[in-house]
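I'll drop the sequence and a predicted model, then ask my questions.
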Amino acid sequence: MKTKGTIGSLLGLSLFVLITTISFAQTSKELRLNILNPGIAFENPIGNKTTVEYNFGIGYNYSYPWINTEFGENGFQGQLAPFLDVQARSYYNIQKIAENGRRSQNFIALRYLFYGPRIAGNVRTNENYSMAVGPTWGFKKVYEKWTVLGSLGPIYYFDLTGTGGVLPINFEFNLGYRLK
């Protein structure tokens, strides 16, 4: 069963890497310290309208419904754990921003999330590592050195034991300070 989960993880990661390398963002790189989900993010342009963002740190997470089946706990479960969040973004309103002087950029993205072992919280999962992949729609607003970021979309989550499921709505909200 562990082999099945590992193969699925590798296939998901391979598909994500393939899509991000074929994609066509903005014109400048951005390095940002995120405050609400503490971490550091680096957004790198790979084309005229697309970027890849790498975000890693220690973040808050809630339990995915089917990953804590071994212990059968009920109710809301949350944890503090190390994470890696990679998004291949395609911005679709860049021209409108330039013409109207707007600060908001909208994007669609393919997202890959990886969570490591918990540091604190009441989540007791089957496996220390969990992953999720899925499409997302989001926005990014820039106010001088500050960035407000949000995204929403469904994900397929899984762990290395082969346990997984679909979460129809997964959201992200963050506030960051731009270093570069």
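Arrived safely.

where along the chain do the strands fall?
Using DSSP state E, the strands of the chain run over 30-34, 39-45, 50-62, 78-91, 104-115, 120-121, 130-143, 146-159, 164-178.

quick one, the longest one and strand 39-45 angle?
I take that to be strand 164-178. 90 degrees (axes from the mean of the first three to the mean of the last three C-alpha atoms, to 10 degrees).

quick revisit: any chance of JSON lines for the strands of the chain, columns mean neighbour count and mean pLDDT?
Bear in mind the C-beta positions are built from the backbone N, C-alpha and C, glycine included. Compiled in JSON lines, the strands of the chain are given as follows (neighbours: other C-beta atoms under 10 Å; pLDDT from 0 to 100):
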{"stretch": "strand 30-34", "mean neighbour count": "18", "mean pLDDT": "93"}
{"stretch": "strand 39-45", "mean neighbour count": "18", "mean pLDDT": "94"}
{"stretch": "strand 50-62", "mean neighbour count": "18", "mean pLDDT": "86"}
{"stretch": "strand 78-91", "mean neighbour count": "20", "mean pLDDT": "87"}
{"stretch": "strand 104-115", "mean neighbour count": "20", "mean pLDDT": "91"}
{"stretch": "strand 120-121", "mean neighbour count": "13", "mean pLDDT": "70"}
{"stretch": "strand 130-143", "mean neighbour count": "18", "mean pLDDT": "92"}
{"stretch": "strand 146-159", "mean neighbour count": "18", "mean pLDDT": "92"}
{"stretch": "strand 164-178", "mean neighbour count": "15", "mean pLDDT": "89"}
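
in contact with the nearest residue to Lys180 once chain neighbours are set aside, which residues?
Once flanking residues are discounted, Lys180 sits nearest to Leu31: 4.2 Å by C-beta to C-beta, 6 or more residues apart in numbering. Leu31 sits next to 40-42, 178-180 when contact means C-beta atoms under 8 Å, 6 or more residues apart in numbering.

could you check how far Leu31 is from Phe158?
Noted for Leu31: a distance of 30 Å to Phe158, by C-beta to C-beta, to the nearest Å.

can you check Lys141 too?
With C-beta to C-beta as the criterion, Lys141 and Phe158 are 32 Å apart.

again with Asn34
Going from Asn34 to Phe158 by C-beta to C-beta gives 25 Å.

now Ala41
24 Å.

what does Pro135 give?
Pro135 is 16 Å from Phe158, by C-beta to C-beta.

surely Pro168 meets Pro154?
Yes: under the criterion of C-beta atoms under 8 Å, Pro168 makes contact with Pro154 at 5.1 Å.
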